[in-house]
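Trainee: next one to model:
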Amino acid sequence: TGSSPVLYWLLKRVLVGPALRTVFRPTVEGLEHVPDSGPAILAINHLSYSDWLFLPLVLDRRVTFVAKSEYFTTPGVKGAVQKWFFSSVGQVPLDRQSADAGDALLNAATRVLDSGELFGIYPEGTRSPDGRVYKGRTGVARIAMETGAPVVLTGMVGTRNANPIGTNFPRPAKVHIEISEQIDPHAWAAEHGFDPASREVARPFTDYLMRRLAELTGYDYVDVYASEVKESLAATGSYPPGAEPEATSEGK
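Mentor: Just a heads-up that it's a prediction; the model follows:
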């Protein structure tokens, strides 16, 4: 992926990881479902900007995520540091507004999975505005069906309290991670009468994953895109508690 394994592990074990473990003491259930080697897709609900920080704390393997392209193109000293940091820890830039964003996501994920690594993805596409689990974008299904890599549902619980929308730094709160058994995408497709190579399988498989994520976390499921809810809230200005406007345009 072009990242620096040395810096990744230095951040995890020396510079950042110990402090996060001491303050948050994250707990995890189902860690045995993440394969010790080989590719897997970690499909994660998205509550907080810091979700991607907490997950690597409980995993022995490195996880590669896609990050919005602004993290790599911001001008100035801050932008240069930001680009260096995200590139060094294995983040893959993605322009979500481009016409070929879906294909770019698929290509990036395929490179990671073909290398036998873990690929992390937030199917909701943006942070939940209120803590519930929202309808997923079908990119996760396209990746799974194209590569055949197992999907491991990863439920983040409590990270919204640790790093509420609108805050820049985590605050003390209990963080828990629930991990499901592996889901074979091709076996699921066959069981439900779909050809894994067909376009028709993407939506039902994505809906299945998101409903399972809701069950895994104990959060309610909402069959609407989180981005649409955010647009509606922005238009009316009637934000529920904890869903105030974000400092940046989108979550990771």
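Trainee: pLDDT-wise, which helix or strand of the protein ranks last?
Mentor: Ranked by mean pLDDT, DSSP states H and E, the weakest helix or strand in the chain is helix 5-10, scoring a mean of 58.
Trainee: end to end, how far does stretch 217-233 reach?
Mentor: 25 Å (Cα to Cα, to the nearest Å).
Trainee: tell me the average confidence for the helix or strand residue 213 falls within?
Mentor: Assigned by DSSP states H and E, residue 213 belongs to helix 202-217. Taken as a whole, helix 202-217 has a mean pLDDT of 98.
Trainee: tell me which residues in that helix are buried?
Mentor: 202, 204-210, 212-214, 216-217 (16 or more other Cβ atoms under 10 Å). Where you see a C-beta, it was placed from the backbone N, CA and C, and this is true even at glycine.
Trainee: can you list those residues in CSV and add distance to residue 138?
Mentor: Output for these, formatted as CSV (distance: Cβ to Cβ, whole Å):
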residue, distance to residue 138
202, 4
204, 10
205, 8
206, 5
207, 9
208, 12
209, 10
210, 11
212, 15
213, 15
214, 17
216, 20
217, 21
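Trainee: report the two of those separated the most.
Mentor: 202 and 217 (22.7 Å; Cβ to Cβ).
Trainee: all helices of this protein, in order?
Mentor: For the chain, the helices defined by DSSP state H cover 5-10, 17-24, 51-58, 70-73, 76-88, 101-114, 139-147, 159-162, 185-191, 202-217, 226-236.
Trainee: could you dump those helices into TSV with distance to residue 130 added?
Mentor: Formatted as TSV, the helices of the chain follow (distance: least, Cβ to Cβ, whole Å):
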stretch	distance to residue 130
helix 5-10	32
helix 17-24	22
helix 51-58	16
helix 70-73	24
helix 76-88	27
helix 101-114	25
helix 139-147	22
helix 159-162	9
helix 185-191	29
helix 202-217	13
helix 226-236	8
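Trainee: nearest to residue 32, out of those helices?
Mentor: Short answer: helix 51-58, nearest of the helices of the chain by Cβ to Cβ, at 11.9 Å.
Trainee: what helices or strands is the closest one leaning on?
Mentor: Here helix 51-58 touches helix 17-24, strand 40-44, strand 63-68, strand 151-157, helix 159-162, strand 176-183, going by 3 or more Cβ pairs under 8 Å, 6 or more residues apart in numbering; DSSP states H and E.
Trainee: distance to residue 139 and mean pLDDT added to those, as TSV?
Mentor: Formatted as TSV, the helices and strands packed on helix 51-58 follow (distance: least, Cβ to Cβ, whole Å; pLDDT from 0 to 100):
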stretch	distance to residue 139	mean pLDDT
helix 17-24	28	61
strand 40-44	10	97
strand 63-68	9	80
strand 151-157	12	95
helix 159-162	22	75
strand 176-183	16	96
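Trainee: can you list the ones you listed in CSV and add distance to residue 92 and mean neighbour count?
Mentor: As requested, these are exported to CSV (distance: least, Cβ to Cβ, whole Å; neighbours: other Cβ atoms under 10 Å):
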stretch, distance to residue 92, mean neighbour count
helix 17-24, 21, 14
strand 40-44, 14, 25
strand 63-68, 5, 22
strand 151-157, 18, 25
helix 159-162, 21, 23
strand 176-183, 22, 18
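Trainee: just give me the neighbour total for residue 119.
Mentor: Residue 119 has 26 neighbours, counted by other Cβ atoms under 10 Å.
Trainee: tell me if I'm right that it and residue 43 touch.
Mentor: No: judged on Cβ atoms under 8 Å, residue 119 makes no contact with residue 43 at a distance of 9.6 Å.
Trainee: I appreciate the help and will end here.
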